[in-house]
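# no sequence for this one, just the structure:
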């Protein structure tokens, strides 16, 4: 019982100490990516981050709670964005031509036209590998693991770097065309 009370006190101390930090960390994470997320959703992500501590299966102590919580918050934020994008957003805000989600009910012909527009923009700016990663990750919603499983694709860990660089190139290109207004 004594150990459970100590664990609770430690958890409560971390919650009190790091809640605001994680909240503003996630606000900055989304703002940097120009993604609008409601305050309540960010609060939920922070709450889920703290819940992940309680649901840990390992009983090893956490030596660096801020680093652990920050990584857990990033993981929850990425999962949150993946769910959002798969639930009807064709592209994240930094890649959309207009800051509105795509209609969910498009005809096959409209889908093909949208697909061709996206592929046209991607092929103008990105090399073949970057084009393939962006298209599969954002448009098709494939995971890094699924993309890496394909022949000729780099290791899963390197895909994160390629994906990030390709998004920056594409974002800069669209900004140069005036789509940031």
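Yep, that arrived. Here the structure is a predicted model, which is why all the values come from computation and not from measurement. Numbering: from 1, shown residues only.
# buried stuff in the helix or strand that contains residue 112?
For residue 112, the enclosing helix or strand under DSSP states H and E is helix 108-125. Taking 16 or more other CB atoms under 10 Å as the neighbour-count basis, helix 108-125 is seen to contain the buried residues 114, 118, 121, 122, 125. Bear in mind the C-beta positions are built from the backbone N, C-alpha and C, glycine included.
# swap in stretch 140-147?
Using 16+ other CB under 10 Å, the residues of stretch 140-147 that count as buried are 142, 144, 147.
# Likewise for stretch 147-165?
Taking 16+ other CB under 10 Å as the basis for neighbour counts, the residues of stretch 147-165 that come out buried are 147, 148, 153, 159, 162, 163.
# could those residues go into JSON lines alongside distance to residue 78, secondary structure and pLDDT?
Formatted as JSON lines, the entries for the buried residues of stretch 147-165 read as follows, by distance: CB to CB, whole Å; DSSP: H, G, I helix; E, B strand; the rest coil; pLDDT from 0 to 100:
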{"residue": "147", "distance to residue 78": "15", "secondary structure": "helix", "pLDDT": "84"}
{"residue": "148", "distance to residue 78": "16", "secondary structure": "helix", "pLDDT": "83"}
{"residue": "153", "distance to residue 78": "20", "secondary structure": "coil", "pLDDT": "75"}
{"residue": "159", "distance to residue 78": "14", "secondary structure": "helix", "pLDDT": "82"}
{"residue": "162", "distance to residue 78": "16", "secondary structure": "helix", "pLDDT": "85"}
{"residue": "163", "distance to residue 78": "12", "secondary structure": "helix", "pLDDT": "83"}
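# Closest to residue 47 out of the residues you listed?
The closest of the buried residues of stretch 147-165 to residue 47 turns out to be residue 163 (CB to CB; 28.2 Å).
# Next up, the contacts around that closest one.
If you count contacts by CB atoms under 8 Å, 6 or more residues apart in numbering, residue 163 has them with 133, 134, 137, 144.
# Report the secondary structure element holding the residue nearest to residue 29 when sequence neighbours are not counted.
Beyond its immediate neighbours in the sequence, the residue positioned closest to residue 29 (CB to CB, 6 or more residues apart in numbering) is residue 77, lying 5.9 Å away. Counting by DSSP H and E, the element that carries residue 77 is helix 65-86.
# That's all I had, so thanks and see you.
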